[in-house]
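> attaching a predicted model along with its sequence, questions to come.
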Amino acid sequence: MIKLEGVHKTFTGGRHAALAAVDLEVARGEVFGIIGRSGAGKSTLVRLLNGLERPSAGVVSIDGTDVAALDGERIRTLRRRVGMIFQNFGLLASRTVSANVALPLRIGGADAAAIAKRVPELLARVGLADHGDKYPAQLSGGQKQRVGIARALATGPDILLCDEATSALDPETTRSILALIADLNRELGLTIVLITHEMEVVRQVCDRVAVLHAGRIVESGSVADVFLDPRAPETRALLAETDDHPEPVGFTGQVVRLTLRGQAVWEPVLTRIARETGTDFAILDGRIGRLKDLSFGQLTLGLTGGDVAAAIDALRAHGEVDALRAEGKVDALRAGGEVAAS
Amino acid sequence: MNDWFVNIDWADIGQATLDTLAMLGGSLVLTVLLGLPLGIALFLTGPGQVWESRLGNGALALVVNLLRSVPFIILLIVMIPLTVLLVGTSLGVVGAIPPLVVGAAPFFARLVETALREVDRNTVEAVQAMGATTRDLVLRALLPEALPGIVAGITVTAIALVSFTAMAGAVGAGGLGDLAIRFGYQRFQTDVMLVTVVLLLVVVQLLQMAGDRLVRHFSHR
């Protein structure tokens, strides 16, 4: 539905390209995350999608329509199909909550009766039914973003762009806003493009993710693949910020990383294999959690005694196994679980 | 009391006060009508804005800077032929208004531009992302958001105009400034000087209070 092909963007006066050779495809109905540090080009990328920025080279298209080729009334029509929410909310401080939500409808030329009917519906949808007469300054950050979402939905868009929409919010509010975004994705079938610098945000709502570094996409794929098996050093660096891995320096057994997805997380895999093969498992590192709707477990295991080779084969039946270190070696593991020895 | 204010002709003072207020009111209205669009144009042609144009912005800025760099007393004199052309006279309240407007409008335009720049960047983008035309953007977002700043700018401009009217008095415009110069200064009538200055102070004070109250009224931050 959204497609970027060979997109470059250079700002006049800027020494480096803000975006270079970006290829990206977002399917209808998916939540697509773009993660990167500040200055990576995320904000520029998302603004290409509704024509707030134009690419210096390459093509940005929505449903086959070249966004940069649109002008005047045609780009305005497209923008009514593409809602957008912002880090700083972008609400008009001079207008009430209701008037803020009504603004896209007024701009779109809706009549007063239609606006009077639609605005309370939108406010109810985001859980702010009683707040219509307040001014933005009287609301909390989370409530302001809910107003931003109601406003972005006013024209009935099929795409929602989220520009660091939760970066100004505390973790609890972030979760509730992300839950709302996920609901909208499911209920309205909205295609969502979300940019963030927080892995947690990607983990909670995204189906697929692209990692942007210095204007280039260094890695992309399903959130589970990128999160559980990051390939690019930049992705590992982003992940390492939230995961503090202990290094089993003194351990001398064979070390493997076991990744379980879905139902396998709750199965008593280790004890059963330990009984069958006589191998002891030491859990050196581990995390069990959820990526949007997928449960996952990722354990770094130290294997000693019994039939280690048979135990590893048995593990493969339940999940992915990466050998991290052969028996007897004591070199330190690198964060992120790279193969450190063969 | 009359021993202290021997030189005061209260009827003259009253007339001069009315003249000052008329010059102020007339020139303020025209200054806002002229300066507001000029300020909006300065903002919209600026870097990163919808009408971004280095040439257009540079040309506007040159005109504004030129008018602002001419001392007002010189502007009053230089403008006499144009003033006569526009309003038929260079004297009295009517004759004072064109130079007052030309002197104050560029100043006010800069204040408008500054107020518009204070509008949150995300807010401008949000309104553009709704599919707003530039007209919608200006009328429905930029001006309402910048209104407290613009009202504060009108207050500052009005007060600047009060001192401009006093200078205009020196070249035949009448008003309190004229009395202060002709009687208070040239004839050493300290009492006239004192009364005119106090009256000007009252005008400035009232303008500032009214302006501050309006800013609070329009501000929802």
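Cool, the structure landed. Numbering: from 1, shown residues only, chains lettered A, B, ... in the order given.

> average pLDDT for stretch A:3-20, rounded please.
With pLDDT averaged residue by residue, stretch A:3-20 scores 87.

> first to last residue in that stretch, what's the distance?
Stretch A:3-20 stretches 15 Å from its first residue to its last (C-alpha to C-alpha, to the nearest Å).

> just want the most central residue of the chain.
With no chain named, the answer covers chain A. residue A:202 (2.5 Å; C-alpha atoms, centre = their mean).

> try chain B instead
residue B:157 (3.6 Å).

> which residues does that one contact?
B:28, B:31, B:32, B:35, B:104, B:107, B:108, B:111 (C-beta atoms under 8 Å, 6 or more residues apart in numbering or on different chains). (Glycine included, C-beta is placed from N, CA and C.)

> ditto for residue A:134
A:96, A:97.

> residue A:194 belongs to a helix?
No - assessed with DSSP: H, G, I helix; E, B strand; the rest coil, residue A:194 is strand; it does not lie in a helix.

> dump the residue contacts of the nearest residue in space to it that is not next to it in sequence.
Once flanking residues are discounted, residue A:194 sits nearest to residue A:162: 4.1 Å by C-beta to C-beta, 6 or more residues apart in numbering or on different chains. Residues in contact with residue A:162 (C-beta under 8 Å, 6+ apart) are A:46, A:84, A:85, A:181, A:192, A:193, A:194, A:195, A:196.

> what's the average pLDDT for the helix or strand hosting residue A:162?
Using DSSP states H and E, residue A:162 falls within strand A:159-163. Per-residue pLDDT over strand A:159-163 has a mean of 97.

> tabulate the CA atom coordinates of the following helix or strand past that strand in PDB.
Heading C-terminal from strand A:159-163, the first helix or strand you meet, by DSSP H and E, is helix A:171-188. Listed next in PDB are the C-alpha coordinates belonging to helix A:171-188 (Å, rounded to 0.1, in the frame of the first residue of the first chain):
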ATOM      1  CA  PRO A 171       5.700   4.400  30.400                       C
ATOM      2  CA  GLU A 172       2.200   3.700  31.700                       C
ATOM      3  CA  THR A 173       0.600   6.300  29.500                       C
ATOM      4  CA  THR A 174       2.700   5.100  26.600                       C
ATOM      5  CA  ARG A 175       1.200   1.600  27.100                       C
ATOM      6  CA  SER A 176      -2.300   2.900  27.100                       C
ATOM      7  CA  ILE A 177      -1.800   5.000  24.000                       C
ATOM      8  CA  LEU A 178      -0.200   2.100  22.200                       C
ATOM      9  CA  ALA A 179      -3.100  -0.100  23.200                       C
ATOM     10  CA  LEU A 180      -5.400   2.400  21.700                       C
ATOM     11  CA  ILE A 181      -3.400   2.500  18.500                       C
ATOM     12  CA  ALA A 182      -3.400  -1.300  18.400                       C
ATOM     13  CA  ASP A 183      -7.200  -1.300  18.900                       C
ATOM     14  CA  LEU A 184      -7.700   1.200  16.000                       C
ATOM     15  CA  ASN A 185      -5.500  -1.000  13.800                       C
ATOM     16  CA  ARG A 186      -7.700  -4.000  14.500                       C
ATOM     17  CA  GLU A 187     -11.100  -2.400  14.500                       C
ATOM     18  CA  LEU A 188     -10.700   0.100  11.600                       C
END
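
> quick one: distance of the helix or strand containing residue A:276 to the chain centre.
Per DSSP H and E, residue A:276 falls inside helix A:269-277. Relative to the mean C-alpha coordinate of its chain, helix A:269-277 is positioned 36 Å out (C-alpha atoms, centre = their mean, to the nearest Å).

> which positions in chain B make contact with chain A?
B:120, B:122-133, B:136, B:140-141, B:144-145, B:147, B:218, B:220-221 (C-beta under 8 Å from any C-beta of the partner chain).

> buried ones from the residues you listed, can you make that a ChimeraX selection?
Remark: buried members of those, expressed as a ChimeraX selection using 16 or more other C-beta atoms under 10 Å in any protein chain shown:
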select /B:120,122,123,124,125,126,127,128,129,130,131,132,136,140,141,144,145,147,218
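
> gap between the residue lying closest to residue A:238 once chain neighbours are set aside and residue A:107?
Once flanking residues are discounted, residue A:238 sits nearest to residue A:199: 5.8 Å by C-beta to C-beta, 6+ apart. With distances taken as C-beta to C-beta, to the nearest Å, residue A:199 is found 36 Å from residue A:107.

> keeping just the C-alphas, turn the worst-scoring helix or strand of chain B on mean pLDDT into CSV.
The helix or strand of chain B with the lowest confidence, counting by mean pLDDT, DSSP states H and E, is helix B:176-179 at a mean of 88. As requested, the backbone C-alpha atoms of helix B:176-179 are provided in CSV (Å, rounded to 0.1, in the frame of the first residue of the first chain):
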residue,chain,number,x,y,z
LEU,B,176,-0.4,66.8,23.7
GLY,B,177,3.2,66.5,22.2
ASP,B,178,2.6,69.8,20.4
LEU,B,179,1.6,71.5,23.7
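
> show me which parts of stretch A:9-25 are buried, residue by residue.
A:9, A:10, A:17, A:18, A:19, A:20, A:22, A:24.

> quote the end-to-end distance of it.
Counting by C-alpha to C-alpha, the terminal residues of stretch A:9-25 are separated by 17 Å.

> residue A:118: neighbour count?
19 (other C-beta atoms under 10 Å in any protein chain shown).

> ok, the residue lying closest to it once chain neighbours are set aside - contacts?
For residue A:118, ignoring the flanking residues on the chain, the nearest one in space by C-beta to C-beta, 6+ apart is residue A:105 at 6.3 Å. Contacts here follow C-beta under 8 Å, 6+ apart; on that basis residue A:105 touches A:114, A:115, A:118, A:119, A:154, A:155.

> and which of those residues is nearest chain B?
Taking C-beta to the nearest C-beta as the measure, chain B lies nearest residue A:155 of those, at 7.2 Å.

> wasn't the closest one part of a strand?
No - with three-state DSSP as the criterion, residue A:155 is coil rather than part of a strand.

> ok, residue A:285 to residue A:324 distance?
For residue A:285, the distance to residue A:324 - C-beta to C-beta - is 10 Å.

> got it, and residue A:219?
In this view, residue A:219 and residue A:324 are 20 Å apart by C-beta to C-beta.

> how many neighbouring residues does residue A:271 have?
9.

> okay, it: pLDDT?
Turning to residue A:271, the model gives it a pLDDT of 92.

> low-scoring pLDDT stretches of chain B, where are they?
B:1-3 (pLDDT under 70).

> for the longest helix belonging to it, name the packing helices and strands.
Using DSSP state H, we find that the single longest helix of chain B is helix B:10-44. In this structure, helix B:10-44 packs against helix B:54-69, helix B:92-117, helix B:143-169, helix B:176-179, helix B:190-218, with contacts taken as 3 or more C-beta pairs under 8 Å, 6 or more residues apart in numbering or on different chains; DSSP states H and E.

> residue 84: neighbouring residues, count only.
By default, I'm working from chain A. 28.

> hmm, no, I was thinking of chain B.
14.

> ok so, going back, which of the contacts of residue A:162 sits closest to chain B?
Nearest to chain B among the contacts of residue A:162, with distances taken as C-beta to the nearest C-beta, is residue A:84, at 4.2 Å.

> give me the pLDDT value at the closest residue to residue B:132 other than its chain neighbours.
For residue B:132, ignoring the flanking residues on the chain, the nearest one in space by C-beta to C-beta, 6+ apart is residue A:107 at 4.9 Å. On the pLDDT scale, residue A:107 is placed at 94.

> who are the neighbours in contact with residue A:107?
For residue A:107, the contact set (C-beta under 8 Å, 6+ apart) comprises B:127, B:130, B:131, B:132, B:133, B:136, B:140.

> who's in contact with the closest residue to the first one other than its chain neighbours?
What sits nearest to residue B:127 in space, not counting adjacent residues and going by C-beta to C-beta, 6+ apart, is residue B:141, at 4.2 Å. Residues near residue B:141 by C-beta under 8 Å, 6+ apart: A:92, A:103, B:119, B:123, B:124, B:127, B:132.
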